[in-house]
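Student: I'll drop the sequence and a predicted model, then ask my questions.
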Amino acid sequence: MHSPEITELARSYAERVQTATALSIAAEPEAQLTVPVSNFLSDFAKEVGLGELQLLREAQLDGVRPDFVAVIDHRQCGWVELKAPGHTLIGENWRGREKQQWDLLSELDALIVSNGEQAALYINGAMLEICDLPLKSPDFWDPEPLHDLLQKFFSAKPTPIRRVSQLADRIAPLARFIRLRLDEGIEHNLSAVRQAQEAWDATVHETTSTTQFSSDVAQVIAYSMAIAGLSGEADINKDGTVTLEEAKDTLARGRGNVLAAALGPILGIPELTEYIAPELDAIVRLIASMDVDAIHNSKDSRGEPWLWFYEDFLAKYDPEARKQSGVYYTPMSVVQFQVRVVDDLLRNKFNQRLGFGSRSVVTLDPAAGSGTYPIAVIDKAAETAFAERGPAGSKQVADNLTKNILAFELLPGPYAVAHLRIGQRLAEAKGQLQVQFEDINVYLTDTLESPNTPSKSGLFGDARVLAEASEKARQIKAEQPITVAIGNPPYDRVTSDTGGWVTSGDQKTDPLFNDVIKPAQETGVIFSAQASLYNLYVYFWRWAIWKVFENDPQDKAIISFITASSWLDGPAFVGLRKLAAETASEIWVLDLGGEGRGARKEENVFDIQSPVAIVTLVRTGKAAKPASVYYRRIRGTRQEKFDQLDSIQRLEVSDGWATLRADNGESFIPASTNDLWSSMPLLADLFPWQQPGIKYNRRACCTVR
């Protein structure tokens, strides 16, 4: 192993590092190692016969990605991260911002960390070995340990994935790298990335920002690769790996597969796939490590494995976006309560003996996420059918469920999981291995966009597939009567221009949001309070009332949502409450509380600070008078709230519900029964002059002369 050439490489490395250190003015000490380490490792690998090593510099966005992608003989093999001389190479000991970085780096299958003095090899977050580099004594340096380390690095294979949760944990960081790579391309105005964004907006769906485009593409790639790999049939050329092209071809076997078509704007621009090749190759290696049979048979102590997949994925892919968008797994006690009481209403108030499984009952989840509510509906329908018709009942209602369960989802990631899960559950109900792709009514669509604008015609290929799917979703929005709308819509404070058709209207329809905002304005609600109306959950409530109740006022129908509870008594929500009372016959408010701010905190059923409530609107026919409102408050710890939810079998006034009237938009929460509390003056009476404080989100510009 010792040779004059290697000794010369060692001396040259030491000299270059020392020179760079002496001349360095870089803000980050590790920057001085970039060129010396890259050149030395590449030259060393070639000299000892390990192959042609290229270290491709990665952009450091938010200090998250490793410094280099490692490519050996034109094959991506791992990553290299540099730290300042003297810095510990033990990732578990990193602190502050570096600790967050290590949490991500530890998910990589093969990683070298070097401080210029030593190099450490990590495989799936575990240090395999460490060796010295020829910085201090190049003439006496032993190259054998580095040779062994690089050999293991180049030949490393990902640890086999045997569980759904492992797949989510390990594919999320790699998808994040693709997202950051695309962000970098947009920042530098790279032509291939800009072309891809234009194609994506024109064919898949229009993104509201460049960051949304990067995230959508990264998730589509990750989920396409994962779902194709799980089919066990995607390695078309039998070379042991699944390429993105093979994934697309595999998914496209299901006629009209939207996920496959969404890959068109990516694969259709060769310069783009070349640009993201290092990150994409890492996913290819990961998919090759999947134990498909083990994954299909895996269990999760929390429940059904795929139920948790998207939340696990998003927690590592983009935890901040998860928090801001309100993307949280809906606890099964909440889901099952809503499904259970709605099924009871269908059977005992609407005379639909098979509940959700009845031929005339059409159920829509307008913000389906990963499909939790539709899955619960299928399970409940099968249970009801079994009770009514015996063992054959489930199969008998399966055809009805296939036609009548509809789901909308805007984000490609959860859409892909929802489509997979709902398809699997329908197949189980039918006693089949699978359901045809086109028979699964899950749509990648923006629920809030106009139902009056037809999709483009005259298209072909992937664009035609996407346009046809979009048109089916539009026709459902415009024409399909809905019996039940159920789910957990997203919450997020937004602006007036983010409600799509609901806030903007079109040539045929005035903005639905007028019915919400105008009563607040007319009753003198202050501007700061009106701002709380600009929230996604409010838009979804308004859309659902239009779609389910106002499209055909004669029909019996139900809306059941769990959302933030601010609309129950907030002064600005007078219009929404009045609209609910006018269009429904009964309003059942189950207040779950959960205020996480202030001095008197209460556990929430979600990991959030905003209190929530389950509100079920029931319309038994054309409303002759405003709805009766029934209110019940559940208190206690999270588990105690779950236990109480589990104990409620149906909505009965005698079961602890208070009755009140709110004909003109009054509060849905009854006044306190405490006489002393009721005798106290209102804060608004004590402080009649009310104005908002400084709003730091308002942008202003001033010039000092």
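Tutor: Looks like it arrived, so ask away.
Student: what about the residue lying closest to residue 445 once chain neighbours are set aside, neighbour count?
Tutor: In space, residue 445 comes closest to residue 473 once its chain neighbours are excluded; the distance is 3.9 Å by Cβ to Cβ, 6 or more residues apart in numbering. (Glycine included, C-beta is placed from N, CA and C.) Residues within reach of residue 473, counting by other Cβ atoms under 10 Å, total 22.
Student: check which helices and strands the one helix or strand residue 473 maps to is in contact with.
Tutor: Here residue 473, judged by DSSP states H and E, is contained in helix 461-479. Using 3 or more Cβ pairs under 8 Å, 6 or more residues apart in numbering; DSSP states H and E as the contact criterion, the elements in contact with helix 461-479 are helix 191-203, helix 258-262, helix 264-267, strand 442-444.
Student: using TSV, lay out these together with distance to residue 499 and mean neighbour count.
Tutor: Putting those into TSV (distance: least, Cβ to Cβ, whole Å; neighbours: other Cβ atoms under 10 Å) gives the following:
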stretch	distance to residue 499	mean neighbour count
helix 191-203	19	18
helix 258-262	24	25
helix 264-267	27	20
strand 442-444	19	26
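Student: reformat these as TSV; add mean pLDDT and distance to residue 134.
Tutor: Rendered in TSV, the data for these read as follows (pLDDT from 0 to 100; distance: least, Cβ to Cβ, whole Å):
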stretch	mean pLDDT	distance to residue 134
helix 191-203	91	40
helix 258-262	90	49
helix 264-267	91	43
strand 442-444	93	54
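Student: of those, which is nearest residue 468?
Tutor: Closest approach to residue 468 among the helices and strands packed on helix 461-479 (Cβ to Cβ): helix 258-262, 9.3 Å.
Student: using CSV, write out every CA atom in the helix or strand just after the helix holding residue 473.
Tutor: Past helix 461-479, further along toward the C-terminus, the next helix or strand under DSSP H and E is strand 484-487. What follows is strand 484-487 as a C-alpha-only set of coordinates in CSV (Å, rounded to 0.1, in the frame of the first residue of the first chain):
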residue,chain,number,x,y,z
VAL,A,484,-72.3,13.2,3.8
ALA,A,485,-69.2,15.5,3.9
ILE,A,486,-66.9,14.4,6.7
GLY,A,487,-63.3,15.0,7.7
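Student: so what are the sheet partners of strand 484-487 and their directions?
Tutor: Listed by DSSP bridges, the sheet partners of strand 484-487 and their directions read strand 363-365 (parallel), strand 557-564 (parallel).
Student: how big is the angle separating the helix holding residue 473 from helix 191-203?
Tutor: Interaxial angle, helix 461-479 versus helix 191-203 (axes from the mean of the first three to the mean of the last three Cα atoms, to 10 degrees): 40 degrees.
Student: send over helix 461-479 as PDB, restricted to the C-alpha atoms.
Tutor: What follows is the C-alpha trace of helix 461-479 in PDB, where atoms were taken according to Å, rounded to 0.1, in the frame of the first residue of the first chain:
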ATOM      1  CA  GLY A 461     -50.200  11.800 -23.100                       C
ATOM      2  CA  ASP A 462     -49.600  12.600 -19.500                       C
ATOM      3  CA  ALA A 463     -51.200  16.000 -19.800                       C
ATOM      4  CA  ARG A 464     -54.400  14.400 -21.100                       C
ATOM      5  CA  VAL A 465     -54.400  11.900 -18.100                       C
ATOM      6  CA  LEU A 466     -54.100  14.800 -15.700                       C
ATOM      7  CA  ALA A 467     -56.700  16.900 -17.400                       C
ATOM      8  CA  GLU A 468     -59.200  14.100 -17.500                       C
ATOM      9  CA  ALA A 469     -58.700  13.500 -13.800                       C
ATOM     10  CA  SER A 470     -59.100  17.200 -13.100                       C
ATOM     11  CA  GLU A 471     -62.300  17.300 -15.100                       C
ATOM     12  CA  LYS A 472     -63.800  14.400 -13.200                       C
ATOM     13  CA  ALA A 473     -63.100  16.200  -9.900                       C
ATOM     14  CA  ARG A 474     -64.600  19.400 -11.300                       C
ATOM     15  CA  GLN A 475     -67.800  17.600 -12.400                       C
ATOM     16  CA  ILE A 476     -68.200  16.100  -8.900                       C
ATOM     17  CA  LYS A 477     -67.900  19.600  -7.500                       C
ATOM     18  CA  ALA A 478     -70.400  21.000  -9.900                       C
ATOM     19  CA  GLU A 479     -72.900  18.200 -10.300                       C
END
